[in-house]
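K.L.:
the sequence and its predicted three-dimensional model are supplied below.
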Amino acid sequence: MDTDIVHGGVKPDKKTGAILTPVYLSTTFVQESVDKYLDSGYSYSRTNNPTVKMLEEKVAKIENGYGSIAVGTGMGATASCFNAFMKAGDHCVITNCSYGGTNRICREQFEPFGMEFSFVDFTDPKNVEDAIRPNTKLIFSETPTNPTLTLADLDAISSIAKDRGILHVCDSTFATPYVTRPLDHGADLTIQSLTKYYDGLNIGTGGALIAKTPELHDRIKLVQNMHGNIMSPMTAYMILQTMKTMGLRIRQQSASAMKIAEFLEGHPKVGRCVYPGLDSFPQKELADRQHRDNLHGGMLWFDVIGDPIRLMDTIKRPWTLCENLGATESIITACAVMTHANMLKEDRLEVGIVDGFIRISVGIEDPDDLIRSLDDALNGL
Ligand code: PLP
């Protein structure tokens, strides 16, 4: 995995030997003759671009897929998945605690188009099985979920899907392939917001939809071409470079997250701390089985006893108050009053986003500096 993250899918430039993939900022590609049309594999950059293709091949290799599409954002990848595999009258079983944008596009865009969705608790695969209907075409899991960090048992859910000829797609943005590869657990497709750990440096937005088979890959390439949402070559170039340190970052982020979680668990201003590495994690057995190499990622959350807004307003560097996650800078978010403020309170509480819910994305700073700053802010509440 560590070697593939650096070299996987990438070949040095044939003509010049350039070690990094050049940025092909060209809309169109000259054809030698009608006879040899498409011999080079390229005609128009909405369909295929050499820089973007290199990223698509690299991501597919790391995720253990046959192929992938790279698009403008993670939401672009999610939308492409529904567009590729659902139509009016089809039904999808989807986690009731997905990323908010995923939930919103199902309810506001695809339900009015005539698609049906059952939002169920994926922590028990039986709920998924019970929600399947004769017209179910897609099972959509997310693990760990944003922001509650509940896990879906991918082997169990893939087996339910396979037995009934239904596709299983997993949004693995929080895990990254470094922690879990859904395709190794029987999923047919994986979604990644490349904006998060792949980019990892708060530079670019991007998304990938990775397919296990040539047939699924053909379908998503067609959808990418029809929708015209291919990533720009410049962004593909940047992510091709930044992703090379993903493994190093995630090792550091996982180790720091564990240290911070242990600190928070013992703090008098913390009601509860949730991190898949902690013994108190409700799905600890699944976390240890599904997560690679005892790595549990850089995301955790805690329930603050006291005013979450005051905590946000008083916490000092190295913490940053903003909305992204998975990057080198540590980020703190009060979900109930920021990212999830527009949810109905009862819906929010039902999925576990309590009023004092504080989500943390651990960066690569010295964990002792992060703990010191958290301690100061919590003691001041
Ligand atoms: N999936 C998950 C789990 C996310 O957390 C996010 C964004 O936060 C997305 C998808 C959407 O990604 P993007 O912001 O790149 O569209």
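P.N.:
It's in.
K.L.:
so I191 sits in a strand?
P.N.:
Yes. Membership of I191 in a strand is supported by DSSP: H, G, I helix; E, B strand; the rest coil.
K.L.:
just the pLDDT for the closest residue to it other than its chain neighbours.
P.N.:
Using Cβ to Cβ, 6 or more residues apart in numbering and skipping the chain neighbours, the partner closest in space to I191 is D171 (4.3 Å). In short, each C-beta sits where N, CA and C put it, glycine included. Here, the pLDDT recorded for D171 equals 98.
K.L.:
can you pull the contacts of the residue in the stretch 251-381 of the chain that the ligand sits nearest to?
P.N.:
Nearest residue of the stretch 251-381 of the chain to the ligand, counting by Cβ to the nearest ligand atom: L325, 6.4 Å away. By Cβ atoms under 8 Å, 6 or more residues apart in numbering, the residues touching L325 are N146, K196, M299, I331, T333, R359, S361.
K.L.:
quick one on the thing from earlier: for the residue nearest to I191, the count of nearby residues, please.
P.N.:
For D171, the neighbour count with other Cβ atoms under 10 Å is 28.
K.L.:
and if you look at A131?
P.N.:
Here the number of neighbours of A131 (other Cβ under 10 Å) works out to 19.
K.L.:
that one contacts I94, doesn't it?
P.N.:
No. Here A131 lies out of contact with I94, judged by Cβ atoms under 8 Å, at a distance of 9.2 Å.
K.L.:
returning to what we had before: any idea how far C81 is from the residue nearest to I191?
P.N.:
In this view, D171 and C81 are 9 Å apart by Cβ to Cβ, to the nearest Å.
K.L.:
again with C273
P.N.:
33 Å.
K.L.:
thought S43 was touching Q31, still the case?
P.N.:
Yes. Counting by Cβ under 8 Å, Q31 does reach S43; the two are 7.0 Å apart.
K.L.:
who touches both of A131 and I94?
P.N.:
Common neighbours of A131 and I94 (criterion: Cβ under 8 Å, 6+ apart): S118, V120.
K.L.:
need the nearest residue in space to the residue of the stretch 251-381 of the chain closest to the ligand, chain neighbours excluded.
P.N.:
Among residues not flanking L325 along the chain, S361 sits closest, at 3.7 Å (Cβ to Cβ, 6+ apart).
K.L.:
point out where the protein drops to low pLDDT.
P.N.:
Residue ranges of the chain with pLDDT under 70: none are present.
K.L.:
residues from it in reach of the ligand?
P.N.:
Counting by Cβ under 6 Å from any ligand atom, the residues of the chain close to the ligand are 73-75, 99, 101, 142, 146, 171, 173-174, 193, 195, 205, 207.
K.L.:
mind listing the strands in the stretch 151-300 of the chain by residue range?
P.N.:
In the stretch 151-300 of the chain, strands defined by DSSP state E, counting those that start in this stretch lie at 167-171, 189-193, 207-211, 270-274, 299-304, listed in chain order.
K.L.:
just the buried positions in the second one, please.
P.N.:
Residues L189, T190, I191, Q192, S193 are the ones in strand 189-193 that count as buried (16 or more other Cβ atoms under 10 Å).
K.L.:
just checking: what are the partner strands of it?
P.N.:
Partner strands for strand 189-193, per DSSP bridges, with pairing direction: strand 167-171 (parallel), strand 207-211 (antiparallel).
K.L.:
kindly format the C-alpha coordinates of it as CSV.
P.N.:
C-alpha atoms of strand 189-193 as CSV (Å, rounded to 0.1, in the frame of the first residue of the first chain):
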residue,chain,number,x,y,z
LEU,A,189,-18.3,0.6,-5.8
THR,A,190,-16.5,3.0,-3.5
ILE,A,191,-17.0,6.8,-3.2
GLN,A,192,-14.2,9.1,-2.0
SER,A,193,-14.4,12.8,-1.4
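K.L.:
returning to that earlier point: who wins on neighbours among the contacts of L325?
P.N.:
Ranked by neighbour count (other Cβ under 10 Å), the contacts of L325 have M299 at the top, with 28 neighbours.
K.L.:
contacting residues for that one?
P.N.:
For M299, the contacting residues are P144, N146, P147, L149, F174, A257, L325, G326, R359, I360, S361, V362, by Cβ under 8 Å, 6+ apart.
K.L.:
do you know how far the closest residue to the first one other than its chain neighbours is from P147?
P.N.:
The one in question is P144. Computed as Cβ to Cβ, 6+ apart, the closest residue to P144 that is not its neighbour in sequence is F174, at 4.6 Å. The gap separating F174 from P147 is 9 Å, by Cβ to Cβ.
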